[in-house]
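**Q** here is the input, now give the coordinates:
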Amino acid sequence: MTRKILESGLVRKLEVPAPHLYFQAPAGQCLRLVGIHEDLAFYEGAGEGSNVAKIKEALKKEGMTK
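**A** The predicted structure follows:
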């Protein structure tokens, strides 16, 4: 699916330090591609949680945030 999304030429890949594909759609939405059976508790605030500081820094480098 990652290959199909990127080869469409319609999206811009975001360099986020995470194992998933993060991309920006033509209208500006930022999306994350995950597996259909994947446990997303890590990203939904359960457990340790994701490294928000690293993600914010990566988005700054991409020009997505101030």
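
**Q** bridging residues for the residue nearest the centre of the chain?
**A** Centre of the chain computed as the mean C-alpha position; nearest residue by C-alpha atoms, centre = their mean is Tyr22, 2.6 Å away. Tyr22 forms beta bridges with Leu14, Arg32, as assigned by DSSP bridges.

**Q** can you get me a residue count around Leu21?
**A** 18 (other C-beta atoms under 10 Å). Any C-beta I mention is one placed from the backbone N, CA and C, and that applies to glycine too.

**Q** contacts only, for it.
**A** By C-beta atoms under 8 Å, 6 or more residues apart in numbering, the contact set of Leu21 is Thr2, Ile5, Leu6, Lys13, Arg32, Leu33.

**Q** and these, which two are the farthest apart?
**A** For the contacts of Leu21, the farthest-apart pair by C-beta to C-beta is Leu6 and Arg32; their separation is 14.0 Å.

**Q** sorry, back to before: by neighbour count, which of the contacts of Leu21 wins?
**A** Ile5 (16 neighbours).

**Q** look up how far Lys54 lies from that residue.
**A** 23 Å (C-beta to C-beta, to the nearest Å).

**Q** ditto for Val34
**A** Distance from Val34 to Lys54, by C-beta to C-beta: 18 Å.

**Q** Leu14 reaches His20, doesn't it?
**A** No: Leu14 lies out of contact with His20 (C-beta atoms under 8 Å); the separation is 10.3 Å.

**Q** which of the two has more residues huddled nearby?
**A** Between Leu14 and His20, Leu14 has the larger neighbour count (other C-beta under 10 Å), namely 19 against 15.

**Q** hang on, the earlier thing: and the residue nearest to the centre of the chain, what does it touch?
**A** Lys13, Leu14, Val16, Cys30, Leu31, Arg32, Leu33.

**Q** run the last query once more with 10 Å
**A** Going by C-beta atoms under 10 Å, 6 or more residues apart in numbering, Tyr22 touches 12-16, 30-33, 55, 58-59, 62, 64.

**Q** next: Pro26.
**A** Pro26 touches Ser8, Leu10, Val11, Arg12, counting by C-beta under 10 Å, 6+ apart.
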